[in-house]
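*Asks:* only the shape, not the letters, is given here:
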């Protein structure tokens, strides 16, 4: 006999719906169940929305079809755009590295001053 089970994913807040069928495991001598994902519950309507067909061959769309292959000019423009972004990210990274070095020097200076103060209090 199959039953319907609702399971809330606490990380995402999505409630998934499974079809569960119980059976007796002769080896372990205890009941077990097999679950099959039906879908997820739509928060607005409360209806069950079927999920995708992950893992089933022939259902996925291929990314490279003759219609969606970009030409050389589009690829070159995309590469140039990404190269510019990489340069900006590199400049920002070097600025952040400089700030980290300055902060590390400041911390070392404060540690040095603190050790001098502690030394004076010991006297």
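*Replies:* Right, received. Where do you want to start? Everything numeric here is computed off the predicted structure, so don't read it as measured data.
*Asks:* now the helices: where do they sit in the protein?
*Replies:* 72-122 (DSSP state H).
*Asks:* which intervals of it have sub-threshold pLDDT?
*Replies:* 1, 53-69 (pLDDT under 70).
*Asks:* mind doing that once more with 80?
*Replies:* 1-2, 52-72, 123 (pLDDT under 80).
*Asks:* look up how far residue 41 lies from residue 2.
*Replies:* Using Cβ to Cβ, to the nearest Å, residue 2 is found at 18 Å from residue 41. C-betas here are computed from N, CA, C, even on glycine.
*Asks:* between these two, which one's more packed in?
*Replies:* residue 41 (16 against 12; other Cβ atoms under 10 Å).
*Asks:* not counting its neighbours along the chain, what's nearest the more buried one?
*Replies:* The shortest distance from residue 41 to any non-neighbouring residue, by Cβ to Cβ, 6 or more residues apart in numbering, is to residue 15 (4.5 Å).
*Asks:* pretty sure the one you found contacts residue 38?
*Replies:* No: here residue 15 lies out of contact with residue 38, judged by Cβ atoms under 8 Å, at a distance of 11.5 Å.
*Asks:* list the contacts of residue 41.
*Replies:* Listed by Cβ atoms under 8 Å, 6 or more residues apart in numbering, the contact partners of residue 41 are 6, 14, 15, 16, 17, 47, 48, 49.
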